[in-house]
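[1] give me coordinates for this.
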Amino acid sequence: MPEIRLAIAGVGNCASSLVQGLAYYATSGPTRSAGILHESLGGYRLSDIRVVAAFDVDRRKVGRLLHEAIFAPPNCTTRFQDELPDSSVTVLMAPVHDGVAAHMDEYPDDKAFRVADASPVDVTQTLRDTQADVLICYMPVGSEQAVRHYARACLDAGVAMVNCEPVFIASHPEWADEFAQANLPIVGDDIKSQFGATIVHRMLTRLMGDRGVALDRTYQLNTGGNTDFLNMLERSRLRFKKISKTEAVQSQLDEPLDDDAIYVGPSDFVPWQKDNKVCFLRMEWRGFGDVPMNLELRLSVEDSPNSAGMAIDAIRCAKLARDRGIGGPLEAVSAFTMKHPPKQMRDSEAREALERWILGE
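    Below is the predicted model:
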């Protein structure tokens, strides 16, 4: 199989876990199958993915080789792969746009972004020069202008896109149509972790409907200590994130809850948690005889590795679609890997649809 030439927009914790994972599973076998749904997807293994470009704006990353930059502050995710091959990819200065929240200046260097004093590169030309196949977008939440800049660069350079951010591109009719017209695949929007708060909340919500009980109220509160949670302290950046997470749960109900009966979203930044994300989930329902019952659940996950488990399949599906001459939003792939896909499905149905799509059916 040919290689998958990958560009990374945003060298944060998620990118760190992804790059570490490529090395970790390089010699994948029975002892290292945990965390991988498809060791081979359409003939592509993880060892076929090669990072050819990386973009960031932080002064501690720009100008450094990728295998060094993924561990630079403020990154704080788990280091599960110590030995990384030396990378020939230097992290390039990206256009800042709205990628850095103003309140970052109020926090110490080891917690917040620090913009490099460098001129931004031409992202479109870089994608062309490196002959990238797929770009994965890891911009901070609320970076609407920045995400759209990368989407436009993909369209202009002829590159497929995996949009892990809650800025609606694949699920936006006009952007979806542009990718379809350009015959370029896009997977999006807003990455759904492998086994995290959203998937657990969705599955429990659907289970209640399947078992005939009536969900009345629910909340999902999340805390974490990485730059994603710090970034989300600026509530104005949460507009699409809250829509994405709430709709992901509402879509599993036969009748949506009233707005005041459901809250799904980040709660607060707890610095010492670092990349650990803790979800506090409560669900209140009525069963037989309208008898009230409730569930409370606490889930603790490492946020960025949890994301990479889905990203690694989304990347390979995007390349497989390119090989097959398929453009536009990949509905089955997006429904399985993303919170806000163009078409919501039950997760069991999305898995079946994904497997059929991989087989070319």
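[2] how about the strands of this structure, start to end?
    4-9, 40-41, 44-45, 49-56, 92-93, 134-137, 160-163, 185-187, 214-224, 262-269, 276-286, 292-302, 328-329 (DSSP state E).
[3] need these in JSON lines with mean neighbour count, can you?
    C-beta: built from backbone N, CA, C; applies to glycine. What follows is the strands of the chain, written out as JSON lines (neighbours: other CB atoms under 10 Å):
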{"stretch": "strand 4-9", "mean neighbour count": "26"}
{"stretch": "strand 40-41", "mean neighbour count": "17"}
{"stretch": "strand 44-45", "mean neighbour count": "20"}
{"stretch": "strand 49-56", "mean neighbour count": "23"}
{"stretch": "strand 92-93", "mean neighbour count": "20"}
{"stretch": "strand 134-137", "mean neighbour count": "26"}
{"stretch": "strand 160-163", "mean neighbour count": "30"}
{"stretch": "strand 185-187", "mean neighbour count": "32"}
{"stretch": "strand 214-224", "mean neighbour count": "19"}
{"stretch": "strand 262-269", "mean neighbour count": "18"}
{"stretch": "strand 276-286", "mean neighbour count": "18"}
{"stretch": "strand 292-302", "mean neighbour count": "12"}
{"stretch": "strand 328-329", "mean neighbour count": "22"}
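[4] export those to a markdown table and tack on distance to His340 and mean pLDDT?
    Shown next, in a markdown table, are the strands of the chain (distance: least, CB to CB, whole Å; pLDDT from 0 to 100):
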| stretch | distance to His340 | mean pLDDT |
| --- | --- | --- |
| strand 4-9 | 18 | 98 |
| strand 40-41 | 23 | 94 |
| strand 44-45 | 25 | 94 |
| strand 49-56 | 23 | 98 |
| strand 92-93 | 29 | 98 |
| strand 134-137 | 14 | 98 |
| strand 160-163 | 10 | 98 |
| strand 185-187 | 12 | 98 |
| strand 214-224 | 15 | 97 |
| strand 262-269 | 12 | 91 |
| strand 276-286 | 18 | 98 |
| strand 292-302 | 20 | 98 |
| strand 328-329 | 11 | 98 |
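[5] with distance to Phe195 added, can I get the ones you listed in a markdown table?
    Formatted as a markdown table, the strands of the chain follow (distance: least, CB to CB, whole Å):
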| stretch | distance to Phe195 |
| --- | --- |
| strand 4-9 | 23 |
| strand 40-41 | 19 |
| strand 44-45 | 22 |
| strand 49-56 | 22 |
| strand 92-93 | 33 |
| strand 134-137 | 20 |
| strand 160-163 | 19 |
| strand 185-187 | 19 |
| strand 214-224 | 15 |
| strand 262-269 | 17 |
| strand 276-286 | 11 |
| strand 292-302 | 7 |
| strand 328-329 | 24 |
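[6] show residues contacting stretch 103-123.
    Here stretch 103-123 makes contact (CB atoms under 8 Å, 6 or more residues apart in numbering) with 9, 55, 57-63, 73-74, 92-96, 100, 140, 149-150, 153, 227, 230-231, 233-234, 271.
[7] mind listing what Pro74 touches?
    58, 109-113, 226-227.
[8] scratch that, Gly35 is what I was asking about
    Per CB under 8 Å, 6+ apart, neighbours of Gly35: 21, 194, 305, 309.
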